[in-house]
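Asker: the following comprises the amino acid sequence and a computationally predicted model.
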Amino acid sequence: MRRNGPLALIFHTIFVIVMVAPILVVCLVAFTPEGFLSLPTNGFSLRWFRTIANYPEFIHAFWVSLGLGALSSLVALLFAVPAALAIARYRFRGRDALAALFLSPLMIPHVVLGIAFLRFFTSAGLGGSFAALIIAHVIIVFPFALRLTLAAATGMDRTVEMAAVSLGAGGWTLFRRVTLPLILPGVISGWALAFIQSFDDLTMTVFLAAPGTETLPVRMFLYIQDNIDPLVTSVSACVIAITMTALILLDRFYGLDRVLAGKGDTGR
C-alpha cells in the first residue's frame, strides 16, 4: 500500500486544522468568564453554561429542532426508499425527469424556498404551524435521503433477491429480510444526513418559524441580533458535545463503519 508523501500529509494537516479550528474556538469562548466574546485568558468559567438555564426558549427550541429533524427525515425516508428502488431497478418513460424533479430542491436557493413556502402556507391557513415546518423540511431533506439510498440500491446484488424468490419468499418478506438489510447502510446514512440538514437549516426556516415553533438555529439567530455575548457559544458547545457523545455511543454499540460503509462485524 502506498504511503502519503510529505506534501499530502501537509495538505491533510492544513485541511484538518481549517475544519477543526472554528469548532475549537467556539468551545473555548464558551468557557470565558467575561461578558463579551473573548478567549478565556483569565481562567475558565461555567458562567455562560449556567446562564442557559435562564433562557428556557433555547431549551424549547432545541427540542423543537430535535423533533422536527427526526420526524421530517423519517417521513422523507419513507418516500425515498420506494423512490430509490423504483429508479434503480426499472427503466420507464420519464425516469430521468422524475429523478431530476426529486433532486430539484438542491438547485433552488433556500431563501427562494422560504419565501415561496411562506406565501403558500399562509394562503393555505398553515402559516406558523409545526405541520408547515414538517412539510417544508421533508421537501428540502428528501434529496439527501434519496441520493444515499439510491446509491445503495444501485449497487445492490440482485441475485440474492432472486434466490429468496426462488425459495418462495413473498413481496413483504423479500423486502424485510433481504432488500432492506442490503440497502440499510444507505438508508441510515440518508436519514442521518437528512436529519443534520433539517436540524441545521436556518435560511428557509426563519421564514416559517413562529413563536412556539422556533428551531434552535432560528432562536440563536434572533438572539445575536440584539445581544453580543458568549451565550450563543455555550449553546453551540452543548450541541457539539451532544453530537460527539451520540457519535461515540453509536460507534461503541453499533459501529460507524457499519452505518456509513455497510461493513460487517470486524471483531466487535
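Answerer: Looks like it came in fine. Residues are numbered from 1 along each chain as shown.

Asker: which strands and helices lie in contact with the longest helix anywhere in the chain?
Answerer: The single longest helix within the chain, with elements called by DSSP state H, is helix 56-89. Packing contacts for helix 56-89, counted by 3 or more C-beta pairs under 8 Å, 6 or more residues apart in numbering; DSSP states H and E, involve helix 95-103, helix 130-154, helix 180-200, helix 216-226. Where you see a C-beta, it was placed from the backbone N, CA and C, and this is true even at glycine.

Asker: and the first one, average pLDDT?
Answerer: It stands for helix 95-103. On average, the pLDDT along helix 95-103 is 89.

Asker: give me whichever of the helices and strands packed on helix 56-89 is most buried.
Answerer: Mean neighbours per residue, mean count of other C-beta atoms under 10 Å, is largest over those for helix 130-154, with a mean of 23.

Asker: what's the angle between the helix or strand just after that helix and helix 180-200?
Answerer: Counting by DSSP states H and E, the next helix or strand C-terminal to helix 130-154 is helix 158-166. For helix 158-166 against helix 180-200, the angle by axes from the mean of the first three to the mean of the last three C-alpha atoms, to 10 degrees is 120 degrees.

Asker: can you list the buried residues in helix 158-166?
Answerer: E161, A164 (16 or more other C-beta atoms under 10 Å).

Asker: and the angle for that helix with helix 56-89?
Answerer: Using the same axes, to 10 degrees: helix 158-166 against helix 56-89 is 80 degrees.

Asker: so where's the stretch 1-150 of the chain shaky on pLDDT?
Answerer: Low-confidence segments of the stretch 1-150 of the chain (pLDDT under 70): 1-2.

Asker: sorry, back to before: distance from the longest helix of the chain to the middle of the chain?
Answerer: Offset of helix 56-89 from its chain centre (C-alpha atoms, centre = their mean, to the nearest Å): 8 Å.

Asker: which one of the helices and strands packed on helix 56-89 lies nearest to N42?
Answerer: helix 216-226 (23.9 Å; C-beta to C-beta).

Asker: buried ones in whichever helix or strand comes after the closest one?
Answerer: Using DSSP H and E, the helix or strand that follows helix 216-226 towards the C-terminus is helix 231-253. Using 16+ other C-beta under 10 Å as the test for burial, helix 231-253 gives L231, V232, T233, S234, V235, S236, A237, C238, V239.

Asker: how far away is the spatially most central residue of the chain from G171?
Answerer: Geometric centre of the chain, nearest residue: I196, 1.5 Å, by C-alpha atoms, centre = their mean. According to C-beta to C-beta, to the nearest Å, I196 stands 33 Å off from G171.

Asker: next: I228.
Answerer: 59 Å.

Asker: same check, this time on A88
Answerer: With C-beta to C-beta as the criterion, A88 and G171 are 17 Å apart.

Asker: one more: D226?
Answerer: Applying C-beta to C-beta to D226 and G171 gives a distance of 57 Å.

Asker: swap in P82?
Answerer: 12 Å.

Asker: can you pull out the low-pLDDT segments for the stretch 151-268 of the chain?
Answerer: Looking at the stretch 151-268 of the chain by pLDDT under 70, you get 254-256, 258-268.

Asker: at 50 instead, please
Answerer: For the stretch 151-268 of the chain, applying pLDDT under 50 flags the ranges 264-268.

Asker: L106 contacts P143, doesn't it?
Answerer: Yes: assessed by C-beta atoms under 8 Å, L106 is found in contact with P143 at 4.9 Å.

Asker: quick one on the thing from earlier: comparing A88 and G171, which residue is more hemmed in?
Answerer: More neighbours surround A88 than the other of A88 and G171, with 17 against 9 (other C-beta atoms under 10 Å).

Asker: what's the closest residue in space to that one that isn't next to it in sequence in contact with, if anything?
Answerer: Leaving out its chain neighbours, the residue that sits closest to A88 by C-beta to C-beta, 6 or more residues apart in numbering is A153, at 3.9 Å. Going by C-beta atoms under 8 Å, 6 or more residues apart in numbering, A153 touches A84, L85, I87, A88, R89, I183, G186.
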